Each structure stands twice: as C-alpha cells, then as structure tokens.
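> fold the following, please.
(chains A and B)
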Amino acid sequence: MFDQFDALLLARFQFAFTVSFHFIFPAFSIGLASYLAVLEGLWLWTGREVYLNLFKYWLKIFALAFAMGVVSGIVMSYQFGTNWSVFSDKAGPIIGPLMAYEVMTAFFLEAGFLGIMLFGMGRVSRKLHFAATLAVAVGTFISAFWILSANSWMQTPVGYSVNEAGQFVPEDWWAIIFNPSFPYRLVHTVMAAYLTTALVVGGVGAWHLLRERTNRGARVMFSMAMGMVAVVAPLQILAGDMHGLNTLEHQPAKVMAMEGHFRSHPEGAPLILFGIPDQEAGTVRNAIAIPKASSLILKHDLNAPLKGLDTVDRANWPYVPVVFWSFRIMVGLGFAMLGLGVLSLWARFRSRLYDWRPLHWLALAMGPAGFVAVIAGWVTTEVGRQPFTVYGLLRTAASASPLEAPAVAASLLTFIVVYFIVFGAGTGYILKLMGKAPHPGETGPEAGLDHPIRTAGITPAPSVDPARTLGAEA
Amino acid sequence: MIPVFDLPTLWAFVIAFAVFAYVVMDGFDLGIGILFPFFQPGQERDSAMNSVAPVWDGNETWLVLGGGGLMAAFPLAYAIILPALYAPIIAMVLALIFRGVAFEFRWRDPGHRRYWDVAFTTGSAVATLAQGITLGALLQGIAVDGRSYAGGWWDWLTPFSLLVGVSLMVGYALLGATWLVMKTEGAVQNHSYRLAGKLAVALIGCIGLVSAATPFLSGAYYARWFAWPQVLFTAQVPLLVGLCSGTLLVSLVRRWEYWPFLLTLGLFALCLLGLGVSMFPHVVPNAVTIHEAAAPEASLQFMLVGASVLIPIILAYTGYSYWVFRGKTGHEGYH
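Numbering: from 1, shown residues only, chains lettered A, B, ... in the order given. Have a look, this model is predicted:
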C-alpha cells in the first residue's frame, strides 16, 4: 500500500496541477483586460470602428477565459485547507488576510463590473462602459497584487513572530505585504501576463494575415501585438535579471539550482548553458559552459566567487533537475520573444509588417509561448523554494494534511480527468472563436450566431427585458 | 468572562454572514440547476436559465470569501475541518466547475448541449449534496487530536450527514422554485408553483427530522437547547420555524408572488440561527472554540479595517443592481 511519503508527493502533484491550470487563465486575462481597455480607449479617442470591432472580438474570448479562471480559482481557495492544513494553521494568520483582501478588493470589483463590461454597451453611456472596462482591468491587477504578495511572503518571509502554537503572527503588515521579493515578482509576473497576451493576440493576427493579407482588424491587432512584444520583451529580460539578483540575495540555493552550481567557484563561476544535472552525484553531466560568465551576470565581475550547493545542507536542496530545466525553458522562450520583437521592428522599418510571411509563421508558432514561459517560470520559483513552503521556516513535508494516500490519489485522478474535459472543451471553444477572422460589424458576447456568453458577475442585466430596465429610459 | 463582542466573535458573525449571503444568492441558482430536468426543454428551460445565468459567478464569490475568510480568521478551524471533509469538499469544487462552465458551454456548442445540460444539473445537485453533507458532518462532530484532524477519510459519511445533504437539496430546490415564481410568468410560473408546493412540504419535513436528531448527537447540544432558563430563548427558534412554515404554505396556496421566496429565505435564516445555538461558542463541535481557533489579534484587526469598509460597499452595489433589474424575466431575454 501507500506510505506517508506518497500522500505528500501526491498532494504536491495535485497542487502543482491545479495551480498551473488555474494560472493559465489569469495570465491571459490580466493582459487581455488591459488590452480591451486600450482598444476601447482608442475607439473613444479616435472614433475608428476597427478598434470597436477588435474590442468586441476579444471580449467574447475574454468572457470564456474569465469564467474558467473563476471556477479553477474556487478550487484553489479550498485546497489550502484540504491538502495543506498544517500550513494553513501556521501561515493562515498571515496568508489568510492577504487572500481575504484579494477577494474583497479584486474579486468583487471584477464581478461587479463584468456584467456592464460584457453586456452594457448600448445600455449605459460610453463613459460608464469604459469605466467598467477599466475597473475590470484594475481588478485583475489588484488580484495579482495580493496573491503575489502572499506568494512572495512564502519565499521571503519577514515582519512576523512565532507564537507558542507555532503560528506565524503578523507584526508589521507593511513589511509583510511589501516583502523583499514582492516588488520584483509583481513586475516580472505582470509583464509576463502582458507578454503572454501580446503573443496570443499576435498569433491570432498572424493566422488571419496568412489567410487574408488585407484584413483590417488582423492588421491592427498584429501591429499592436508586435509593438507590445518589441517593447516588453527586453524590459522583461531586464526585470527577470533583477528578480534573479534579488533571489540570489534572499534564496541563494534557488539560484544555485537554476544555474546548476553544485560546486562552489571561488574564482569565477561558469555559466552552464546545457547539461544533465545529477542530484544524487551532485554534478552536472555533459555540461556546456561559458567560463566565468555566471559570475559576470550575477555579480557583474568575472572573478567574483560564487557559492554552490556544497555549502548548503543536502536536506535543504531543491530538486535541481526540475529547476534547472524549467529555468532554461523560460529564459530560452524569453530570448525567442525578444527575437520576434526585433524581427517585427525590422519588418516595420521595411514596411513589410503585413506581408512578410515568415514573420507571420513565426508569430503564429510563438502564440502559445507565453503560457509555456509563464508555467516554466512559476515552476522555477516554486520548486526552487523547496523543500520549504515558508522558505527556511516551514518544511513542505511538515505542511501537509493528515490524509491517507488513496484519498489524495483519488482526488488527483478526478482533478486530472475533469480538468482535461472541461478546460479542454473551453480551450477548444476559444480556439474556434480565434479561428474566425475579425470583421466589420463584429457582434459582442450578447448576440450573434452562438447565443450569449453568460458570465456576468453580480449584475443580472441580461436576464431582463431591456425595455423594462432603468437604463432604457436614459 | 469574555466580552460578547470581541474580535473572534465579531469574525464568527462576519463568516456566518458570508455563508448566509452565499446561501441567499447561490442557493436559488443551484436549486434551479437541480430542478432543471423537471422543466420542458425549450422555452421553460430557457426562462429558468435566463433568470440565473448572469449572476452565478458573482454569487460564488461569497463562497470564496467564506473559505478565504475562515482560513484568515480561524486558521485552526480551517485546518481541522477541511481535511476531515476532504471528499465532500473536493466533490463540491469539482461539481461547481461543471455547472459553472455549463452556463457558457451549452450556448457555445449546440451540438453537445444535452451533455452540458446534464453537467449543469449533476453539478448543481452534487455541489448542494456535498455542502449539506459538509454541514451535517461538521454538526455530528469531528475527531481532533492536538491541532489536527484525527479521523479517517470516510468519517463524514453517516445517515445524519446524508439526511442534511438531502435536506439542503430540497431547500435549495425550493429556493429555486420560489425564485422562479417571483421572476417568471405564465406556464413556467404555474409549474413552479406546483413544484414549490411539494418542495415546501418536503422541506418542512426535513427540517423537522434534522431538528429532532440534532439535540441527540451530543449532550452539549441537548443542554444548549433544553437547559433552563435559555430554553425560553431557544424555544423561540422552533416556534418561529413553525410560524414561517405555515405562512409559506399559505403564501403558496394563495399565490402571493414574492412571499414564498422571502419566507424560504426566512426558514434558512432560522436554521442558521439554530445551528448557531447548537454550536456556539464552538467552531468544531465539542473540540475547538472560536477563541481557540481565532487568528492573532493583529490578523483580525487588519482584516476588519478592510471588511468594515468593503463589505458594505459590496452589499450596496449588489442590492442596487438587483433592485434596478427587478421584475420578470422573459424567456427570450435580450438575445
């Protein structure tokens, strides 16, 4: 039968699986909400119909992605208790209030204005509708703010004391919220969300340009998305570098795992590009490395000494192969995004942005790259935090619920089956919407061939005959 | 003596309020999901769907607040209760996923609409049953050792927890039927009146059974209900339940459109009050009090600042939007 270790491992799998699935939707909707606000703002400012069409086109997709984010998020708010009860008991006094603020400030704001954003066009004034779109966009950001603050506190805990029951007691909320890794993680994650959305929009634009070069909407979305990639990709690499330096200061073992530095290098550490990390032997096999480059990146000095995992108690090592590889996937995709941005600038400079097919194929191929990079980055930072849940203070093995392995195995299997059915279908519907070219006179989510999309937050607007609403009198 | 309104007590009321807000707002839409197969495909189902489809995800935000608030305000209770109720909680969140996306997907994919309708009904029914079982299992008591759950992973399954689960299904279905009475006209309304009548009788029976069984689950419950002199206070609860039930039946027979829904909510409020009488001041019956489970004062204070500003704003906004869009639903809606 299963022993306790299996229950722990299964619980970790389950959390990783459900949080990864959940993370995909906000990573997209944070960026998409802002993009929608920009489109609507441009429409109000310039009066050009193409922006309104694009707004309606992406609004339908946003509604589906948002709904899947909501339902996968409910799972997360209960899973801390079901599977990580000791963590919840001990860290709850600090993590709990941060998440409660997320619900009270972000979720209700989003739910409150989503109805107007999705269905209110033509029923409320343009200004009020734009305000609703902005409120939803701000809501997605506030949500990211609180949840990343909570996550960052687990990485770099400060501002607490420990009571006799072993609970973390808040001493200084300001220090807790703005803990040392939070500003870097917030900037890096929000930019990742923007990049992810830009790549999706660019990929959809490219797909329609490949099929119909003159489509107005496809041109505008492709141009906007490539411009965004060209600006944000280099900034993101810079932000990632600064986030890495911050991690080196507060969680050196994580950086050692990312770099594959099992050994200390007193006279300049090499940058290992590729290799096969061997956790047991404590070495990276078949390494291809640039001498001293790691010291240059991390310390801005070729000969700066860098410590390796040999200075860390083996019981405190993260699992290096996962961190090592996920980090390389993220960085590799980051540079590919930079390449796409540069190529698009070159195409723009030569006035070939809309008819250079290789660029369109590349943008199409890179469409899902943001999601992969976001998940890889998340794996890097979360697996790199192991073997702790609250870094250096609370071990993962000591955080789990007293559950029997068959219970966790059963729930994990059910999650996998349900998520693949439900989110597979949802992703299919989103792809179907993306497969249709944007056209003049685009319908919003409230009408059209497919019938309505029904996520609308608190406002019961669409259920009511428009002639009977107060808005109709205005 | 502990002052009556210290922070943990205040937070117990806030969480109880969030749970009630959730029941008020999500109860009827889960109920309509349960009743869905009883309505004719086409116009009746579309009317039923239209009356709740747009509000479900705002409503479920209260469930997130209940879960998140429990973790934040009573982390020890959250840490004991959720593992104890592992299977029903997981079943609930999975069921909510199915019914949540069914709202969207049945319109997106007419070819598979039948399947998503089944997902909608099954999801609503399972989520409700699981919530009821959760409540019943909590009420019957949870094995605790130190700061964690000490029982097995099937402890939640008893005749009592199943009874509460089925009762909640009846209750939500009645909320759904009376909501439709209030929000629809013509054939759908007539159909809803008939369903509501049967469900009201069933619910009154269920409340009777659960109430009769509860005091005998533990000596402490018996004492809280029947000890002199608080029996003078506690006896008001069953009396009010009786009054409310009678009025509900009359309102259904006489067809007072708005009253059946409001009186059903009244019954739910009284049941919550009864639950409070049974459990207070414990949060895990006979094991952990709200004061033992409460988060440190610094956590409760920090949250109270936000909650006292934000929850009234949220309520005002929600109330306003329901008020603006009051009245009957069309079966065509707006599309």
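
> for the rest of this, base every contact and every neighbour count on C-alpha atoms.
Will do.

> got the residue ranges for the helices in chain A?
A:4-46, A:49-83, A:85-101, A:108-119, A:126-155, A:173-177, A:182-211, A:216-250, A:252-259, A:293-299, A:320-349, A:357-365, A:369-383, A:405-435 (DSSP state H).

> give me the mean pLDDT for the second one.
For helix A:49-83, the mean per-residue pLDDT is 87.

> and it, what other elements does it pack with?
helix A:4-46, helix A:85-101, helix A:216-250, helix A:405-435, helix B:56-73, helix B:75-84, helix B:86-108 (3 or more CA pairs under 8 Å, 6 or more residues apart in numbering or on different chains; DSSP states H and E).

> turn these into JSON lines, including mean neighbour count and distance to residue B:22.
Formatted as JSON lines, those follow (neighbours: other CA atoms under 10 Å in any protein chain shown; distance: least, CA to CA, whole Å):
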{"stretch": "helix A:4-46", "mean neighbour count": "20", "distance to residue B:22": "23"}
{"stretch": "helix A:85-101", "mean neighbour count": "28", "distance to residue B:22": "16"}
{"stretch": "helix A:216-250", "mean neighbour count": "20", "distance to residue B:22": "40"}
{"stretch": "helix A:405-435", "mean neighbour count": "16", "distance to residue B:22": "24"}
{"stretch": "helix B:56-73", "mean neighbour count": "27", "distance to residue B:22": "5"}
{"stretch": "helix B:75-84", "mean neighbour count": "29", "distance to residue B:22": "18"}
{"stretch": "helix B:86-108", "mean neighbour count": "24", "distance to residue B:22": "14"}
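
> make TSV out of the helices of chain A and add distance to residue B:224.
Formatted as TSV, those follow (distance: least, CA to CA, whole Å):
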stretch	distance to residue B:224
helix A:4-46	40
helix A:49-83	30
helix A:85-101	29
helix A:108-119	38
helix A:126-155	40
helix A:173-177	40
helix A:182-211	49
helix A:216-250	53
helix A:252-259	55
helix A:293-299	65
helix A:320-349	56
helix A:357-365	67
helix A:369-383	48
helix A:405-435	36
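
> rank those by mean pLDDT and give me the bottom one.
Per-segment mean pLDDT for those reaches its minimum on helix A:108-119, at a mean of 81.

> which residue, other than its chain neighbours, is closest to residue 170?
You didn't say which chain, so I picked chain A. Spatially, and ignoring its direct neighbours in sequence, residue A:170 is nearest to residue A:160 (4.6 Å; CA to CA, 6 or more residues apart in numbering or on different chains).

> wait, chain B
Spatial nearest neighbour of residue B:170, excluding adjacent residues (CA to CA, 6+ apart): residue B:203 at 5.9 Å.

> roughly how far does that neighbour sit from residue A:66?
36 Å (CA to CA, to the nearest Å).

> got it, and residue A:427?
From residue A:427 to residue A:66 the distance is 12 Å (CA to CA).

> still on that earlier bit, among the helices and strands packed on helix A:49-83, which is nearest residue A:348?
Comparison of those against residue A:348 by CA to CA identifies helix A:216-250 as nearest, at 8.7 Å.

> residue of the stretch 1-150 of chain A with the smallest distance to chain B?
residue A:96 (3.7 Å; CA to the nearest CA).

> might one say that that residue is in contact with residue B:76?
No - look at residue A:96 against residue B:76 with CA atoms under 8 Å: they stay out of range, at 11.6 Å.

> contacting residues for residue B:277?
B:224, B:225, B:234 (CA atoms under 8 Å, 6 or more residues apart in numbering or on different chains).

> next one: residue A:395
Residue A:395 neighbours (CA under 8 Å, 6+ apart): A:386, A:387, A:388, A:389.

> alpha carbons only: can I get stretch A:298-306 in CSV?
What follows is stretch A:298-306, C-alpha atoms only, in CSV (Å, rounded to 0.1, in the frame of the first residue of the first chain):
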residue,chain,number,x,y,z
LEU,A,298,25.2,37.6,-11.0
LYS,A,299,28.0,39.7,-9.6
HIS,A,300,28.9,41.9,-12.5
ASP,A,301,32.5,40.7,-12.0
LEU,A,302,34.3,37.9,-14.0
ASN,A,303,36.3,36.7,-11.0
ALA,A,304,33.7,37.1,-8.2
PRO,A,305,33.4,33.9,-6.1
LEU,A,306,30.1,32.1,-6.2
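
> buried residues in that stretch, which are they?
A:298, A:299, A:302, A:303, A:304, A:305, A:306 (16 or more other CA atoms under 10 Å in any protein chain shown).

> export the residues you listed to a markdown table and tack on distance to chain B?
Output for the buried residues of stretch A:298-306, formatted as a markdown table (distance: CA to the nearest CA, whole Å):
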| residue | distance to chain B |
| --- | --- |
| A:298 | 38 |
| A:299 | 39 |
| A:302 | 47 |
| A:303 | 47 |
| A:304 | 43 |
| A:305 | 42 |
| A:306 | 40 |
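
> tell me the one of those residues nearest residue A:414?
Using CA to CA, those come closest to residue A:414 at residue A:298, 43.2 Å.

> may I see the buried residues of the host helix or strand of residue B:313?
Assigned by DSSP states H and E, residue B:313 belongs to helix B:297-324. For helix B:297-324, the neighbour count (16+ other CA under 10 Å) marks B:297-301, B:303-304, B:307, B:310-311, B:314, B:317-318, B:321 as buried.

> is it in proximity to chain A?
Yes - if you take CA under 8 Å from any CA of the partner chain as the test, helix B:297-324 does meet chain A, through B:298-300, B:302-303, B:306-307, B:310-311, B:314, B:317-318, B:321-322, B:324.

> go on, stretch B:38-48?
No - using CA under 8 Å from any CA, stretch B:38-48 never reaches chain A; the gap is at least 8.8 Å.

> how about that stretch: buried residues?
By neighbour count on 16+ other CA under 10 Å, the buried set for stretch B:38-48 is B:39, B:44, B:45, B:46, B:47, B:48.

> next up, the contacts around whichever residue of the stretch 1-150 of chain B sits closest to chain A.
Per CA to the nearest CA, residue B:72 is where the stretch 1-150 of chain B lies closest to chain A, at 3.7 Å. Contacts here follow CA under 8 Å, 6+ apart; on that basis residue B:72 touches A:92, A:93, A:94, A:95, A:96, A:97, A:99, A:100, B:295, B:299, B:300.

> save the residues you listed as TSV, and put in distance to residue A:127 too.
Shown next, in TSV, are those (distance: CA to CA, whole Å):
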residue	distance to residue A:127
A:92	41
A:93	41
A:94	39
A:95	37
A:96	36
A:97	34
A:99	31
A:100	31
B:295	43
B:299	39
B:300	38
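
> max pairwise distance over those residues: which two?
Using CA to CA, the two most remote members of those are A:99 and B:295, lying 14.2 Å apart.

> can you tell me which residues contact the closest residue to residue B:190 other than its chain neighbours?
Excluding the flanking residues, the one nearest residue B:190 by CA to CA, 6+ apart is residue B:181, at 7.7 Å. Residues in contact with residue B:181 (CA under 8 Å, 6+ apart) are B:188, B:189, B:190, B:192, B:193, B:257, B:258.

> now do 10 Å
B:175, B:188-196, B:252, B:255-261, B:328 (CA atoms under 10 Å, 6 or more residues apart in numbering or on different chains).

> what of residue A:232?
A:191, A:192, A:194, A:195, A:198, A:226, A:238, A:337, A:338, A:341.

> mind checking which of these are buried?
Using 16+ other CA under 10 Å as the burial test, those include A:191, A:192, A:194, A:195, A:198, A:226, A:337, A:338, A:341 as buried.

> circling back: need the residues touching each of residue A:96 and residue B:76.
Shared contacts of residue A:96 and residue B:76, defined by CA under 10 Å, 6+ apart, are found at A:88, A:89, B:70, B:295.

> adding distance to residue B:111, write those residues out as TSV.
Converted to TSV, the shared contacts of residue A:96 and residue B:76 look like this (distance: CA to CA, whole Å):
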residue	distance to residue B:111
A:88	44
A:89	47
B:70	42
B:295	51
